[in-house]
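J.: Provide a 3D model corresponding to the input given below.
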Amino acid sequence: MEKPEQPLEEQTPPAPSSRISVKKAVEVIDSFDDYKRWLVTEIGFGGMLKLPAIQKLNLKINAWVMSKVSVRRRAIVLSESKIIKFFTEDVHKVFGIPCGHHSVKGHDGFIKPEAISFIKGTLGMDKTGVHSLRAAEEFLMREISESSSKLEKDCFQIAFVIFVMGHVLAPRTKHDYGTINYWGALANTKNISQFNWCEFVLDFLLEAVRRLKNDMMANNPNTNLVGCHLFLQVR
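T.: Alright, predicted model coming up:
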């Protein structure tokens, strides 16, 4: 007689991989001098300067925790009597990033294609074969000081957000990790701190949970964990 299928919440998630890299982010951040750190603090991302040097994440545990997340409830559901809810404020507490009033995905985040092309060109992301994270990292390693031009300082701040989003806060898969759908929130560096980056990070994590559960339903042997599953571990 054939065994009944396990309920999804009792299944073991597929073998996970992930492009999240706290180690890489910390290596670059640790190289910053006081002025670069000040530039990061100015846009409200100062909490990322305190990232702990986590060498390696336990992806199996993270995948298991993600499999227990209810997207609708925004909670880790371990049992009907043990439900751990999480909120955008929790993302702010953990990572110290802005929880502003403007939606990153809303009309305030609109940006003209010409502006995107300009930013890409300035950061060196428009070259063939150059991934956005690599270009952002190279810009962050440049010499930046108080005497640098406003454009250089602005681009450093933009590059920092792209870098930490890609490595820690909203990592994607190998095939789309050059995709940046929050350009509008970066266009004016004075307004970066006015956007709700916590909500953006949480939304993307919940989308990652949906992807994982789809892989589980399809009985895929492997899964690529996207989003900031680190948040669920330290929450």
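
J.: just the strands in this structure please.
T.: Applying DSSP state E to the chain gives strands spanning 15-18, 69-70, 75-79, 82-85, 222-225.

J.: Which one of those strands lies nearest to Thr122?
T.: Checking these against Thr122 by Cβ to Cβ gives strand 15-18 as the closest, at 29.7 Å. Any C-beta I mention is one placed from the backbone N, CA and C, and that applies to glycine too.

J.: Report all helices and strands that the closest one contacts.
T.: Applying 3 or more Cβ pairs under 8 Å, 6 or more residues apart in numbering; DSSP states H and E, one finds that strand 15-18 contacts helix 59-67, strand 222-225.

J.: partners of it, with directions?
T.: Partner strands for strand 15-18, per DSSP bridges, with pairing direction: strand 222-225 (parallel).

J.: Can you lay out the helices and strands packed on strand 15-18 as TSV showing mean pLDDT?
T.: Below are the helices and strands packed on strand 15-18 laid out as TSV (pLDDT from 0 to 100):
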stretch	mean pLDDT
helix 59-67	96
strand 222-225	95
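
J.: so which of these comes closest to Ala15?
T.: Using Cβ to Cβ, the nearest of these to Ala15 is strand 222-225, at 5.0 Å.

J.: Would you mark the buried spots in the closest one?
T.: Under the neighbour-count criterion of 16 or more other Cβ atoms under 10 Å, strand 222-225 has Thr223, Asn224, Leu225 buried.

J.: how close does the second one get to Leu59?
T.: Relative to Leu59, Asn224 is positioned 10 Å away (criterion: Cβ to Cβ, to the nearest Å).

J.: okay, and the common contacts of those two?
T.: Pro16, Ser17, Ser18 (Cβ atoms under 8 Å, 6 or more residues apart in numbering).

J.: my read: the second one touches Leu225, true?
T.: Yes. Under the criterion of Cβ atoms under 8 Å, Ser17 lies in contact with Leu225, with a separation of 7.1 Å.

J.: and for the two, which residues touch both?
T.: Counting by Cβ under 8 Å, 6+ apart, the residues touching both Ser17 and Leu225 are Leu59.

J.: sorry, back to before: identify, from the buried residues of strand 222-225, the entry nearest to Arg73.
T.: Leu225 (20.4 Å).

J.: Might you report the residue contacts of the closest one?
T.: Leu225 touches Pro16, Ser17, Ser18, Ile20, Leu59, Asn62, Ala63, Met66, Ala208, Leu212, counting by Cβ under 8 Å, 6+ apart.

J.: ok, how many other residues are close to the fifth one?
T.: Leu59 has 18 neighbouring residues, counting by other Cβ atoms under 10 Å.

J.: Check whether it really touches Ser17, as I assumed.
T.: Yes. Using Cβ under 8 Å, Leu59 is in contact with Ser17, at 7.0 Å.
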